[in-house]
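Asks: Pasted the sequence and its predicted model underneath.
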Amino acid sequence: MLRKLGKIAGFFGLILFVIVTLAFTSIKYNNATCRSIEVEYEPDELIRVDKSEIIALVKAADEKIIGKKFDQINAVKIEQAVEKHDALLKAEVYEVVTVTDSASYQGVLSVRLKHRKPVLRVMSGESNYYLDKFGGKIPVSSNYSANVLVSTGTFDEKFAREKLLPCVLFMANDEFWDAQIEQVHVEKNGEVVLTPLVGDHIIELGKLDNYEEKLRNMKAFYKQVLADNNWNKYKTVSVKYKNQVIAKRR
């Protein structure tokens with residue numbers, strides 16, 4: 001019986017020791033000061049904002065952040081300030097504390113970023129920007145570039161989001177069209193012309209109504225007519241008329 005009570009007392013004593021140790025360590029960590037700022041993101045992201053730009057945003061949100069104790073830093077405020085950047089989808093701020101000696105703690109404020117993923121580059125008139133799959137507008141910068149489908153011509157931002165983007169996403173989700181189309185051009189009348197990667201021809205898609213059906217018809221034409229190495233035989237292939245594929249020879 002006494003042996004059992006001793007085990008129970010020892011168990012609760014261990015729990016108390018852990019709680020006290022964690023509490024004491026937590027107090028020390030909170031008293032640690034921010035000595036530097038680090039920026040993290042996945043290396044394979046298409047868009048990567050320059051790290052110095054992010055650090056500048058952090059310091060603008062809290063001018064005295066370097067040298068400030070962690071328990072005085074408002075991480076939520078900093079996250080919100082960083083996430084205002086148009087190229088970013090999400091920012092997460094957390095503290096990293098390292099022990100320099102038995103009584104000294106040094107802190108690093110780490111900012112983990114998630115960038116928006118561009119699917120289309122819009123180059124219309126003086127406009128030049130990226131769009132992600134949600135229609136989010138990403139500014140073009142000399143600090144980064146993304147190898148995505150390019151759209152040119154005469155159209156406004158509303159057309160890009162509401163008309164062009166759904167068609168681009170449809171092609172991006174189709175393995176064949178994702179590999180085949182390298183440029184989209186919009187005429188003044190709103191009709192769309194596609195430039196394929198393989199074949200010395202253009203595709204007249206026409207208005208973006210029923211683009212799914214038009215692209216299915218065009219794919220069928222590729223399989224039936226161009227399968228025998230006839231890729232350079234035609235100048236234009238038009239699918240803009242319902243249930244018709246009109247090919248013009250060179």
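Replies: Received, thanks. Treat the numbers as computed from the prediction; the structure is a model and nothing was measured.

Asks: What ranges does the chain have for its helices?
Replies: 2-31, 51-61, 75-82, 157-159, 165-172, 175-180, 211-225 (DSSP state H).

Asks: From the chain's centroid, how far away is the last one?
Replies: A distance of 31 Å separates the C-alpha centroid of helix 211-225 from that of its chain, computed with C-alpha atoms, centre = their mean, to the nearest Å.

Asks: Other residues contacting it?
Replies: The contact list for helix 211-225, computed with C-beta atoms under 8 Å, 6 or more residues apart in numbering, reads 166-167, 170-171, 174, 176-177, 192, 203, 205-206, 237, 239-240, 243-245, 247. Where C-beta positions appear, they are placed from N, C-alpha and C, glycine not excepted.

Asks: Mind checking which of the residues you listed are buried?
Replies: Those of these that meet the buried threshold are 167, 171, 174, 177, 192, 203, 205-206, 237, 239-240, 245, 247, by 16 or more other C-beta atoms under 10 Å.

Asks: and the helices of the chain, which one is worst for confidence?
Replies: Here the lowest mean pLDDT among those goes to helix 2-31, at a mean of 41.

Asks: From Asn74, how far out is Lys64?
Replies: 12 Å (C-beta to C-beta, to the nearest Å).

Asks: Same drill for these two, tell me which one is more crowded.
Replies: Asn74 (13 against 10; other C-beta atoms under 10 Å).

Asks: Please enumerate the shared neighbours of Lys64 and Asn74.
Replies: With C-beta under 8 Å, 6+ apart as the test, Lys64 and Asn74 reach no residue in common.

Asks: any idea which of the buried ones among the contacts of helix 211-225 is closest to Ser110?
Replies: Using C-beta to C-beta, Met171 is the member of these that lies nearest Ser110, at 38.0 Å.

Asks: so how far is Val237 from that closest one?
Replies: In terms of C-beta to C-beta, Met171 sits 16 Å off from Val237.

Asks: before we move on, what about Ser52?
Replies: For Ser52, the distance to Val237 - C-beta to C-beta - is 48 Å.

Asks: go on, Asp178?
Replies: Shown here: Asp178 relative to Val237, a distance of 19 Å by C-beta to C-beta.

Asks: Enumerate the positions of stretch 158-170 that are buried.
Replies: For stretch 158-170, using 16+ other C-beta under 10 Å, the buried residues are Phe159, Ala160, Arg161, Lys163, Leu164, Leu165, Cys167, Val168.

Asks: Let's have those in JSON lines, adding distance to Pro118.
Replies: Output for the buried residues of stretch 158-170, formatted as JSON lines (distance: C-beta to C-beta, whole Å):
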{"residue": "Phe159", "distance to Pro118": "18"}
{"residue": "Ala160", "distance to Pro118": "13"}
{"residue": "Arg161", "distance to Pro118": "14"}
{"residue": "Lys163", "distance to Pro118": "18"}
{"residue": "Leu164", "distance to Pro118": "14"}
{"residue": "Leu165", "distance to Pro118": "11"}
{"residue": "Cys167", "distance to Pro118": "16"}
{"residue": "Val168", "distance to Pro118": "11"}
